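Engineer: Next comes the sequence, and after it the predicted model I'd like to discuss.
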Amino acid sequence: VYADEALVTRTDTRGRPLSSSSQPTIMAEMLEHLDLAPGLRVLEVGTGTGYNAALLAELVGRQGHVTSVELEPDLAARAEAALEGLGYTVEVVVGDARTVVGGTGPAGAPARYDRVIVTAAADSVPRSWRDALVDGGLIELPLRLPEPSEGEQVVVTLRRQGERLASVAIVPGGFMGLRRPGVEEAPAPGGAGLSVTELVAGRPRSIASLTGAGLARMRPAARRRLAAVMLSPPRARRLAMPAEANTSLVPYVGMAEAPGMVTVRTFRRPSEPGRFVAGAGFATRDGRGLALAVGRADGRGCRLEAYGDGDGAAAASHALDRLVARWRAAGAPSLADCRITMTYGDRPPRGAGAVEPDGVFVALQWPA
């Protein structure tokens with residue numbers, strides 16, 4: 001249980017994870033940013049095994065109150081029994097967390113919470129979650145960012161300021177998507193992808209892959225050219241930068257746009273700690289050039305990789321070089337320096353991303 005990795009507790013019919021006990025490191029970091037204290041009322045979305053609910057109950061003490069919402073009745077019953085058996089008083093509610101916020105306050109009014117913590121990825125904070133939060137309270141969730149960084153997840157802690165939410169902390173992190181009632185399949189990832197796979201001894205092995213919403217808008221012939229470019233040997237050069245700065249640069253590149261380019265991301269399964277794994281960069285719209293900033297698995301170092309020949313490769317490399325220079329000039333900002341805001345209404349504010357069905361607007365801003 002205390003190994004620093006997520007433990008899958010339920011899969012769908014294809015073997016894809018549906019529920020898990022989260023990695024202890026990210027659990028601890030989320031609890032720290034939630035700024036818990038004795039006496040607080042906390043709403044948890046996603047009970048799972050009940051382990052995180054037990055941590056919440058321990059931190060708010062007997063003076064506080066924890067309500068946890070779980071979609072699956074059997075998981076809720078199992079977690080509730082485990083919590084009761086260990087002496088933790090947690091209200092476990094079964095239902096869709098988008099509409100069920102758990103419990104009631106005085107005279108049957110909807111309960112209000114000082115903190116809300118969500119342990120499944122969502123595209124925004126629904127109004128029901130915001131309305132369940134007291135003004136000045138904190139809500140924390142894994143957030144899927146809108147274009148051009150579609151597919152990127154961050155764990156964001158937001159403070160309610162009247163009708164809007166503004167971030168107070170952002171860290172890297174990824175979780176399984178929030179599901180709807182009656183859906184037994186894991187949610188499909190957003191965006192689009194391009195992958196080259198080989199079959200070895202009857203088993204598929206990914207050779208190269210890219211993701212990014214802009215790939216879907218490329219012409220089929222351009223995507224095929226890009227697939228061929230992905231397989232060509234890269235011209236790579238190391239970047240002189242502070243240790244562990246790739247954890248800042250790669251997200252910065254993956255959330256940026258450049259004229260005439262498609263923003264893409266890549267992830268390669270590491271075979272050894274020093275391998276370069278997570279990357280982001282630009283592909284030309286005609287598929288003739290690709291340039292990536294790729295970080296090492298151990299977080300120490302980053303390099304630039306250029307693929308393709310001729311004007312396409314030069315254009316992609318130039319676009320990436322300009323962005324890296326802008327990142328350096330801004331003081332090499334990290335995710336912690338970003339600001340995310342959510343507003344609710346009919347008109348998006350300047351810089352807001354995708355419009356949600358219930359009028360939620362998400363805006364992400366890096367330092368200039």
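Structural biologist: Sure, I can see it.

Engineer: who does the host helix or strand of residue 129 touch, helix- and strand-wise?
Structural biologist: Residue 129 belongs to helix 127-131 when assigned by DSSP states H and E. Helix 127-131 sits against strand 339-344, with contacts defined as 3 or more Cβ pairs under 8 Å, 6 or more residues apart in numbering; DSSP states H and E. Glycine gets a C-beta too; all of them are placed from N, C-alpha and C.

Engineer: Tell me how far the strand it packs on lies from the chain's centre.
Structural biologist: On the basis of Cα atoms, centre = their mean, to the nearest Å, strand 339-344 sits 16 Å off its chain's mean C-alpha point.

Engineer: List the buried residues in it.
Structural biologist: 340-344 (16 or more other Cβ atoms under 10 Å).

Engineer: so can I have JSON lines of the residues you listed showing pLDDT?
Structural biologist: Below are the buried residues of strand 339-344 laid out as JSON lines (pLDDT from 0 to 100):
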{"residue": "340", "pLDDT": "90"}
{"residue": "341", "pLDDT": "90"}
{"residue": "342", "pLDDT": "90"}
{"residue": "343", "pLDDT": "89"}
{"residue": "344", "pLDDT": "88"}
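
Engineer: Between all of the residues you listed, which two are at the greatest distance?
Structural biologist: 340 and 344 (14.3 Å; Cβ to Cβ).

Engineer: The nearest residue to residue 27 once chain neighbours are set aside: helix or strand, and which one exactly?
Structural biologist: Excluding the flanking residues, the one nearest residue 27 by Cβ to Cβ, 6 or more residues apart in numbering is residue 52, at 6.0 Å. Element membership of residue 52, judged by DSSP H and E, is helix 51-60.

Engineer: Now do that helix: which elements does it pack against?
Structural biologist: For helix 51-60, the elements it packs on are helix 24-33, strand 41-45, strand 65-70, helix 73-85, strand 90-94, judged by 3+ Cβ pairs under 8 Å, 6+ apart.

Engineer: Reformat these as TSV; add mean pLDDT.
Structural biologist: Formatted as TSV, the helices and strands packed on helix 51-60 follow (pLDDT from 0 to 100):
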stretch	mean pLDDT
helix 24-33	88
strand 41-45	94
strand 65-70	92
helix 73-85	93
strand 90-94	92
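
Engineer: would you turn these into JSON lines with distance to residue 237 and mean neighbour count?
Structural biologist: Formatted as JSON lines, the helices and strands packed on helix 51-60 follow (distance: least, Cβ to Cβ, whole Å; neighbours: other Cβ atoms under 10 Å):
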{"stretch": "helix 24-33", "distance to residue 237": "32", "mean neighbour count": "17"}
{"stretch": "strand 41-45", "distance to residue 237": "44", "mean neighbour count": "25"}
{"stretch": "strand 65-70", "distance to residue 237": "49", "mean neighbour count": "26"}
{"stretch": "helix 73-85", "distance to residue 237": "49", "mean neighbour count": "16"}
{"stretch": "strand 90-94", "distance to residue 237": "53", "mean neighbour count": "19"}
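
Engineer: do you know which of the ones you listed lies nearest residue 277?
Structural biologist: Here helix 24-33 is closest among those (Cβ to Cβ), at 17.5 Å.

Engineer: could you dump the closest one to PDB, C-alpha only?
Structural biologist: The C-alpha coordinates for helix 24-33 follow below in PDB (Å, rounded to 0.1, in the frame of the first residue of the first chain):
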ATOM      1  CA  PRO A  24       0.900   8.300  -2.200                       C
ATOM      2  CA  THR A  25       3.200  11.200  -3.300                       C
ATOM      3  CA  ILE A  26       0.400  13.000  -5.200                       C
ATOM      4  CA  MET A  27      -2.100  12.200  -2.400                       C
ATOM      5  CA  ALA A  28       0.200  13.900   0.200                       C
ATOM      6  CA  GLU A  29       0.900  16.900  -2.100                       C
ATOM      7  CA  MET A  30      -2.900  17.400  -2.700                       C
ATOM      8  CA  LEU A  31      -3.700  17.200   1.000                       C
ATOM      9  CA  GLU A  32      -1.000  19.800   1.800                       C
ATOM     10  CA  HIS A  33      -2.300  22.200  -0.800                       C
END
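
Engineer: ok and it relative to helix 51-60, angle-wise?
Structural biologist: Relative orientation of helix 24-33 and helix 51-60, computed by axes from the mean of the first three to the mean of the last three Cα atoms, to 10 degrees: 30 degrees.

Engineer: What helices and strands are in contact with helix 24-33?
Structural biologist: Contacting helix 24-33 under the criterion 3+ Cβ pairs under 8 Å, 6+ apart are the following elements: helix 51-60, strand 133-144, strand 153-161, strand 164-172.
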